[in-house]
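S.K.: Provided below are the primary sequence and the corresponding predicted coordinates.
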Amino acid sequence: MRQFAVIGSGPAGFYTVEALAKAYGANAHIDLIDRLPVPYGLIRFGVAPDHQSIKAVSRRYDKVAEEEAVRFVGNVAVGRDVTIAELTTLYDAVVLATGAPNDRPLGIPGEDLPGVVGSAAFVGWYNGHPDFADLDPPLDGAAAAIIGNGNVALDVARILSKTRAEFAGSDIVDHALDALEGSAIRQITLVGRRGPHQIAMTPKELGELGHLEAAVPHAEPGDFPDADADAALDLGVRKSVAHLRDFASPHEDKLKHIEFDFFARPVRIEGETRAERLIVERTSLDPNGNSIGTGETYAIPASLIVSCIGYRTPPIPGVPYDDRGGKFANDHGHIEGGLYCVGWARRGPSGTIGTNRPDGYEVADRIIAAAPPGSEGGKSGSSGLDALLASRQVRPTSFADWRTIEAAEIASAREGAPRSKMVRHDDWLKSLGE
Ligand code: NAP
């Protein structure tokens, strides 16, 4: 019997477990460990609440969690309740699927002012992540700036723009829904340090901005190269740029405005006691498509500034780390000995949810090569973990516990919503009778 532990129950963790369960069948036991009492990681806490069709992938993960060889072990934090060294002693292989939950810092003066938040915090707030339930972002000013031209920036712009009615059918948490309904923000500026051809936004997500009830997107016609130049772009970017070009033509005015401010590099954030404005430097592109400053600066008024410039994997003491890439140092998912990583913790924060499937299968292949199915194991695995946790008074949650929590969330859902998420540890554990 082989014993495996996968740390983190987001997409990368689930696909790795799926691959291992398929390969080993009854010859392995796999513990899927998460620091939160509930599963799904990015699917529950990262994917936008109004993108329920994307979240539906969790149904596939449920089948994995319910396999005989697999056990969900929630409410167990590596580093707090158990160490990596203990896990690598207990299991034949340990896979870090811990994602990239930390915001990349902007690295500019003023980023610590109140009103400046990273996307991990802001997205976590409206998605009910317990770490950010009390974020209380300032929505009392008229203007917000969103830094970055990726899909997360689009998510944030859309969530700031939607009316209460447009959140019908979503699982946005009540504290965010109420706060957003009372928001005074009317001007949302999406700040990109490069141009329309260099965006990291995908067409479907960009197209959604054109169909908002109370907000209209706008791009400056002068920011675009000649239309002929679009032909050289990859199909996806070409479709996205077509949306942007449409936003540059006149549209019916609405209450809120989403402005694309291209060629604008953030240089500092100013304000007396809280963020009041983002100072940017006008840029142009060098022949390699990199942004270079022109020396001309101007201010974008904003009392809420959300930085959506990517994420980093938190280092774990003793685990080799690639500081530049913000991920674990690894060779195709192998860190050292029986320690592996997968997903964003392996390759950095890029790609779609589906990208994690081949990633998980590839890492599983490396584990299979090192510990072929049918070969001798002998490690204590789950029974060793259980003993350790019991000795430390840690109460893990099981997948059956999650089903109980899920039933309570469904039972208390707003009309038309799929669930009403519990957002605090205590509420989860209370719903289990703890
Ligand atoms: P991303 O796609 O990597 O975009 C990051 C953006 O931040 C880029 O426009 C980048 O510009 C900009 N940026 C980086 N450093 C900056 C700085 N110092 N100053 C100003 N701008 C800076 O990251 P993301 O939006 O966080 O998304 C992460 C991943 O999740 C992506 O693969 C994304 O597609 C995926 N995602 C998908 C969906 C969806 O499919 N619905 C939703 C959300 C996220 P440069 O290009 O100039 O570096």
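M.R.: Nice, thanks for sending it over. Residues are numbered from 1 along each chain as shown.
S.K.: Check this structure for me, the residue farthest from its geometric middle.
M.R.: What lies farthest from the middle of the chain is E376; by C-alpha atoms, centre = their mean that is 38.2 Å.
S.K.: phi, psi of that one?
M.R.: phi -60, psi 140 (degrees, to the nearest 10).
S.K.: Show the pLDDT at it.
M.R.: Looking at E376, its pLDDT is 77.
S.K.: Who are the contact partners of it?
M.R.: Counting by C-beta atoms under 8 Å, 6 or more residues apart in numbering, E376 makes contact with nothing. Every C-beta, even on glycine, is put in place using the N, C-alpha and C of the backbone.
S.K.: go on, R282?
M.R.: When contacts are taken as C-beta under 8 Å, 6+ apart, R282 is in contact with 263-264, 293-298.
S.K.: so what's it closest to, chain neighbours aside?
M.R.: E296 (4.2 Å; C-beta to C-beta, 6 or more residues apart in numbering).
S.K.: Report the beta-bridge partners for whichever residue of the stretch 1-150 of the chain sits closest to the ligand.
M.R.: Closest contact between the stretch 1-150 of the chain and the ligand, by C-beta to the nearest ligand atom, is at G150 (2.3 Å). Assessed by DSSP bridges, G150 has beta-bridge partners A200.
S.K.: near the ligand, which residues of the stretch 301-434 of the chain show up?
M.R.: 308-310, 349-352 (C-beta under 6 Å from any ligand atom).
S.K.: SS state for L244?
M.R.: helix (DSSP: H, G, I helix; E, B strand; the rest coil).
S.K.: most surrounded residue in the contacts of R282?
M.R.: For the contacts of R282, the largest neighbour count, defined by other C-beta atoms under 10 Å, is 26 neighbours, found at A264.
S.K.: Double-check it against G195; I have them as touching.
M.R.: No: contact criterion C-beta atoms under 8 Å: A264 and G195 do not qualify, at 10.2 Å.
S.K.: Identify the residues contacting the residue nearest in space to the middle of the chain.
M.R.: Taking C-alpha atoms, centre = their mean, the centroid of the chain lies closest to G46, which sits 3.9 Å from it. G46 sits next to 10, 123, 127 when contact means C-beta under 8 Å, 6+ apart.
S.K.: for the chain, what's the longest strand?
M.R.: strand 291-301 (DSSP state E).
S.K.: Okay, helices next: where are they in the stretch 251-400 of the chain?
M.R.: 344-347, 356-370, 381-391, 399-411 (DSSP state H, counting those that start in this stretch).
S.K.: wait, is P217 part of a strand?
M.R.: Yes: assessed by three-state DSSP, P217 belongs to a strand.
S.K.: Specify the beta-bridge partners of it.
M.R.: I258.
S.K.: Correct me if wrong: it contacts F260.
M.R.: Yes: with contact defined as C-beta under 8 Å, P217 and F260 form a contacting pair (7.0 Å).
S.K.: what residues are shared contacts of those two?
M.R.: The contact lists of P217 and F260 share F247, where a contact means C-beta under 8 Å, 6+ apart.
S.K.: residues near the nearest residue to P320 once chain neighbours are set aside, how many?
M.R.: Excluding its sequence neighbours, the residue lying closest to P320 (C-beta to C-beta, 6+ apart) is A329, at 4.0 Å. Neighbourhood size, A329 [other C-beta under 10 Å]: 14.
S.K.: contacting residues for A329?
M.R.: Contacts of A329 (C-beta under 8 Å, 6+ apart): 320-322, 335.
S.K.: Please identify the most buried of the helices of the stretch 251-400 of the chain.
M.R.: Looking across the helices of the stretch 251-400 of the chain with neighbours counted as mean count of other C-beta atoms under 10 Å, the highest average goes to helix 344-347: a mean of 27.
S.K.: for that helix, packing partners?
M.R.: helix 11-24, strand 327-328, helix 356-370 (3 or more C-beta pairs under 8 Å, 6 or more residues apart in numbering; DSSP states H and E).
S.K.: Single out the residue in the stretch 251-400 of the chain that lies closest to the ligand.
M.R.: I309 (3.6 Å).
S.K.: Wait, that residue touches I108, no?
M.R.: No: using C-beta under 8 Å as the test, I309 is too far from I108 to be in contact (10.9 Å).
S.K.: So for the two, which sits in the more crowded spot?
M.R.: I309 (20 against 16).
S.K.: From R193, how far out is the more buried one?
M.R.: Note on I309: its distance to R193, by C-beta to C-beta, to the nearest Å, is 9 Å.
S.K.: repeat for T313
M.R.: 23 Å.
S.K.: Neighbour count for these two, which is higher?
M.R.: T313 (25 against 21).
S.K.: May I ask you to confirm that that one is in contact with D322?
M.R.: No: contact criterion C-beta under 8 Å: T313 and D322 do not qualify, at 9.0 Å.
S.K.: quick one: common contacting residues for the two?
M.R.: F328.
S.K.: Return the distance of the helix or strand hosting V241 from the chain's centre.
M.R.: Assigned by DSSP states H and E, V241 belongs to helix 235-247. In terms of C-alpha atoms, centre = their mean, to the nearest Å, the gap separating the centre of helix 235-247 from the centre of its chain is 24 Å.
S.K.: which residues touch it?
M.R.: 196-197, 199, 201-203, 206-207, 209-210, 217-219, 224, 227, 230-231, 233, 260.
S.K.: Recalculate using a threshold of 6 Å.
M.R.: Helix 235-247 is contacted by residues 196, 199, 201, 203, 206-207, 217-219, 230 when judged by C-beta atoms under 6 Å, 6 or more residues apart in numbering.
S.K.: Sounds good, over and out.
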